[in-house]
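S.K.: The following block contains a protein sequence and its predicted model.
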Amino acid sequence: MYHSTSPPTPPRDGVQWACTASSAALRRYSSLPKKGKPQGRESTVLAAFLLSSPQDPLGPAVLSLATGTKCLGASRLGPRGDLVHDAHAEVVARRALLRLLYAEIGADSPPSWLVPSGSGGRWRLRDGYQLHLYITQLPCGVMPVPPSPSEVPRIQPDIVVNGCGDGGFVQRKPGRGDTTLSMSCFDKITRWCVVGIQGALLSHILEPLYLSTVTIGRSPDGASEGFCIESNVEKVLCARLSSLSKIFPASFKPNKPLFFEAPIPPKEFNQTPGDIPPLTCGYSICWNKSGLHEVILGTTGRKQGTSSKAACLPSTESMLCKIRLAEAFISLEHPLITKFQHEELSYRAIKDMACEYQLMLELLREAPLFGRWRTKPASLDSFKVQR
């Protein structure tokens, strides 16, 4: 039996909320050491996940944050799950949030914002609490409003949009001579609106977690004529979600978050205007409120400072790589996880056993606007997970 809740109440004042969310994220970022932050004319992107409560709806707590603009090319992806393949800020911030969920669910006293759901042993977000995402700039891959699903088969675009390209209505992140297999951040945000941000592993013990709002920093150059973050990005997302089937597994309910425009972020999150080629910081800072604080080199997928001789040592692995996250999941003392602890399973097998999550993901990929969503080779998820 699944718990059903009414849609969350949106912030009454979008301008006030955008300022509040962006200020909270930027304050937390400013409190971190300089290690991994942009130097000179370098720039980066910051993303943060926040939680608001019914007691203090305009006083959100930052749960996790990350910076980053890099990802690995296809030739550098490893089969052992020991690399962070995509170090864009939105993706790393979400992984830091997953790490926080593992820590809080595994603690002696459960977090105040999660409650048991029915008698099945799963958890859900407590009524009145809301999850939010803040990003200092438009996520890569934001596209114009797509055509209706009936028009899609007749259209075969070959375009590059907001830094991403691949043709079709889903986009891959660019690579420097080495094609990446990572979908754009906007595609991933769309996916989170369908299957939740908790991922396949946590779906075994957690009902889908959906975003209530997405707040995006205003560009210092100003928006293109006629473009408005609040309405245009929301229209794009709604048009994409409208192509989905209307029949979903019981616990899933695709969600359309509200979009807000925040003030222009500090200069380290803005690329230098003019003819000067942009210079992006190669590091990705990740932080969460349970104590995680790492710096990842986005071009290697390992911790900052890793030497070539030590490149394959476990000590160089980020806490956010697949194998470390999977080990954290297997180590949880939870009745729904014990079945994974008695035999050595592959990461792929554990994900596939989240049947409703996989069914929802398949419904997404079968939708007309997502037909070109690329699945990564199965070999990348075939590594074994041990407690």
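M.R.: Sure thing, it's come through.
S.K.: Relative to residue 368, how far out is residue 244?
M.R.: Distance of residue 244 to residue 368, given as CB to CB, to the nearest Å: 9 Å. The way it works is simple: take the backbone N, C-alpha and C, and place the C-beta from them, glycine included.
S.K.: shared neighbours of these two, anything?
M.R.: Contact with both residue 244 and residue 368 is made by no residue, according to CB atoms under 8 Å, 6 or more residues apart in numbering.
S.K.: Going by residue numbers, what spans are helices in this protein?
M.R.: For the chain, the helices defined by DSSP state H cover 14-30, 89-105, 185-195, 199-202, 234-241, 322-330, 338-341, 347-352, 355-366.
S.K.: Now the first one: buried residues?
M.R.: What that stands for is helix 14-30. In terms of neighbour count (16 or more other CB atoms under 10 Å), helix 14-30 has its buried residues at 14, 17-22, 24-26, 28-29.
S.K.: again with stretch 338-347
M.R.: Under the neighbour-count rule (16+ other CB under 10 Å), stretch 338-347 has 340-341, 345-347 buried.
S.K.: Distance across stretch 255-266, terminal residue to terminal residue?
M.R.: In stretch 255-266, first residue to last residue: 31 Å (CA to CA, to the nearest Å).
S.K.: Can you tell me which of the buried residues of stretch 338-347 is nearest residue 285?
M.R.: residue 347 (25.6 Å; CB to CB).
S.K.: Wait, the closest one touches residue 380, no?
M.R.: No - look at residue 347 against residue 380 with CB atoms under 8 Å: they stay out of range, at 9.0 Å.
S.K.: Can you pull the residues that touch both of those two?
M.R.: residue 81.
S.K.: sorry, back to before: nearest to residue 197, of the buried residues of stretch 338-347?
M.R.: residue 347 (18.7 Å).
S.K.: Tell me who's in contact with the closest one.
M.R.: Applying CB under 8 Å, 6+ apart to residue 347 gives the contacts 81, 322-323, 326, 381-385.
S.K.: Now, of the residues you listed, which are buried?
M.R.: Among the contacts of residue 347, those classed as buried by neighbour count (16+ other CB under 10 Å) are 81, 322-323, 326, 381, 383, 385.
S.K.: Low-confidence ranges, the stretch 201-350 of the chain, go.
M.R.: By pLDDT under 70, the low-scoring segments of the stretch 201-350 of the chain are 223-226, 272-275, 308-310.
S.K.: in it, which spans are strands?
M.R.: Here the stretch 201-350 of the chain has its strands, by DSSP state E, counting those that start in this stretch, at 211-217, 258-262, 283-288, 293-297, 302-303, 345-346.
S.K.: Take those strands and write them to JSON lines, including distance to residue 250.
M.R.: Shown next, in JSON lines, are those (distance: least, CB to CB, whole Å):
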{"stretch": "strand 211-217", "distance to residue 250": "21"}
{"stretch": "strand 258-262", "distance to residue 250": "25"}
{"stretch": "strand 283-288", "distance to residue 250": "30"}
{"stretch": "strand 293-297", "distance to residue 250": "37"}
{"stretch": "strand 302-303", "distance to residue 250": "40"}
{"stretch": "strand 345-346", "distance to residue 250": "25"}
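S.K.: And those strands: which comes nearest residue 110?
M.R.: Going by CB to CB, the one of the strands of the stretch 201-350 of the chain nearest residue 110 is strand 283-288, 16.8 Å.
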